[in-house]
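Pasting the sequence and the predicted model now:
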Amino acid sequence: MTKLLLGRYLPGDSWVHKLDPRTKLMASFYYIGIIFLANNWQTYLLMFVATMVMVAASKIKLGFFLRGVRPMIWLILFTVMLQVFFTKGGTTYWSWGWLAITQYGLTNGAFIFMRFVLIIFVSTLLTLTTQPLSLADAVESLLKPLRVLHVPVTELALVLQIALRFVPTLMDQTTKIMNAQRARGVDFGTGNLFQQMKAVVPLLIPLFVDSFGIAEDLATAMDARGYQGGDGRTKFRVLQYHQKDIFAGLVMVVLTVSLVFMRA
């Protein structure tokens with residue numbers, strides 16, 4: 001079973017690790033947004049090089065990022081095939097009825113594939129270099145202005161923090177349950193699609209039981225420690241911007257300007 005990298009943090013002392021979590025969170029969303037500005041080979045090459053530079057700066061092996069792509073590969077290929085067979089224009093290389101492979105279809109398929117990979121790489125970079133608690137603190141800090149509108153920012157950050165913390169735990173628990181059932185003769189990889197879905201159903205009951213047990217233990221622990229919400233509470237981890245965060249912002253500006261000038 002392929003492990004999801006969501007919520008998994010790899011300790012390190014790289015330049016990317018040392019960035020303020022707010023900077024990494026905002027830069028990741030901004031970077032994903034400007035990926036959609038790329039519309040030719042030159043701009044996609046620029047984004048690919050920029051992504052590889054960030055991966056190298058994190059000092060994390062490329063294999064971790066490829067593992068992030070693996071769970072999404074079938075969705076990516078399905079989307080690419082839709083672009084290849086249903087986009088018309090340019091030279092037609094093959095056609096059969098309403099299906100056709102054209103120059104524009106192949107180009108759009110390649111662009112969609114690169115876009116998916118770049119987005120997954122950047123998302124994986126964010127989670128691998130940022131502790132879940134720091135990421136939740138960053139969300140709470142960035143959403144502070146919404147308190148004027150009486151939005152429960154602290155509670156939302158707590159929910160995100162708990163979710164990120166226990167996603168790896170639930171994935172590991174799922175792996176243990178699957179291994180236990182394989183030892184009893186259950187085969188999750190054979191049969192048609194409906195048979196494989198039916199084989200997964202026995203996983204859900206013990207997984208839900210474990211999830212409710214974890215939730216109850218967590219609620220009891222928080223209640224025993226007198227947790228009453230975030231109003232008036234001080235922070236053990238105080239977030240502060242530094243010069244490297246300003247430099248990261250300038251890099252995003254330069255990258256955006258370069259994309260605009262290189263667009264077709």
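Noted; the coordinates are in hand.

Break this structure down into its structural domains.
If you go by automatic domain parsing, the domain ranges for the chain are 15-131+241-262, 153-224.

Select, out of those domains, the one closest to Ala138.
Proximity to Ala138 (C-beta to C-beta) singles out domain 15-131+241-262 among the domains of the chain, at 3.8 Å. All C-beta spots, glycine's among them, are computed from the backbone N, C-alpha and C.

Can you check the pLDDT for Arg22?
Note for Arg22: predicted pLDDT of 93.

That one is in what secondary structure piece?
Element membership for Arg22, per DSSP states H and E: helix 21-35.

Out of the domains of the chain, which one sits most buried?
Compared across these, domain 15-131+241-262 shows the largest average neighbour count, a mean of 16 (mean count of other C-beta atoms under 10 Å).

which residues of the stretch 101-250 of the chain fall in helices?
Taking DSSP state H, counting those that start in this stretch to define them, one finds helices in the stretch 101-250 of the chain at 103-129, 132-142, 153-183, 193-224, 243-262.

okay if I get these as TSV plus distance to Phe85 and mean pLDDT?
Shown next, in TSV, are the helices of the stretch 101-250 of the chain (distance: least, C-beta to C-beta, whole Å; pLDDT from 0 to 100):
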stretch	distance to Phe85	mean pLDDT
helix 103-129	7	92
helix 132-142	39	84
helix 153-183	34	80
helix 193-224	22	81
helix 243-262	29	93
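
Would you mind telling me which of the ones you listed is nearest Ser14?
Nearest to Ser14 among these is helix 103-129 (7.2 Å), distances taken as C-beta to C-beta.

Mind giving me the packing neighbours of the closest one?
helix 21-35, helix 41-58, helix 62-69, helix 73-86, strand 92-96 (3 or more C-beta pairs under 8 Å, 6 or more residues apart in numbering; DSSP states H and E).

Helix 73-86 and that one, what's the angle between them?
Interaxial angle of helix 103-129 relative to helix 73-86 (axes from the mean of the first three to the mean of the last three C-alpha atoms, to 10 degrees): 160 degrees.

And Leu259, how far from Pro152?
37 Å (C-beta to C-beta, to the nearest Å).

Gln42 against Met262, yeah?
Yes. With contacts counted by C-beta atoms under 8 Å, Gln42 reaches Met262, the gap being 5.0 Å.

intersection of neighbour lists for the two?
Residues touching both Gln42 and Met262 by C-beta atoms under 8 Å, 6 or more residues apart in numbering: none at all.

Just want the angle from the helix holding Arg22 to helix 132-142.
When the same axes, to 10 degrees is applied, the directions of helix 21-35 and helix 132-142 differ by 80 degrees.

what does helix 21-35 rub up against?
Under the criterion C-beta under 8 Å, 6+ apart, residues 16, 47, 115, 118-119, 122-123, 125-126, 129-131, 134-135, 137-139, 141-142, 239, 241, 245, 248-249, 252, 255-256, 259 lie in contact with helix 21-35.

Which of the helices of the stretch 101-250 of the chain sits closest to Asp20?
Going by C-beta to C-beta, the one of those nearest Asp20 is helix 243-262, 4.9 Å.

ok now that closest one, how far from the chain's centre?
Remark: helix 243-262 is offset 22 Å from the chain centroid, using C-alpha atoms, centre = their mean, to the nearest Å.

other SSEs contacting it?
For helix 243-262, the helices and strands in contact under the criterion 3+ C-beta pairs under 8 Å, 6+ apart are helix 21-35, helix 41-58.

show me the contacts for the most centrally placed residue in the chain.
In the chain, the centroid-proximal residue (C-alpha atoms, centre = their mean) is Ser123; its distance is 3.8 Å. Going by C-beta under 8 Å, 6+ apart, Ser123 touches Ser28, Ile32, Gly68.

Would you format those residues as a markdown table with distance to Gly97 and pLDDT included?
A markdown table is the format used below for the contacts of Ser123 (distance: C-beta to C-beta, whole Å; pLDDT from 0 to 100):
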| residue | distance to Gly97 | pLDDT |
| --- | --- | --- |
| Ser28 | 42 | 94 |
| Ile32 | 37 | 94 |
| Gly68 | 37 | 80 |
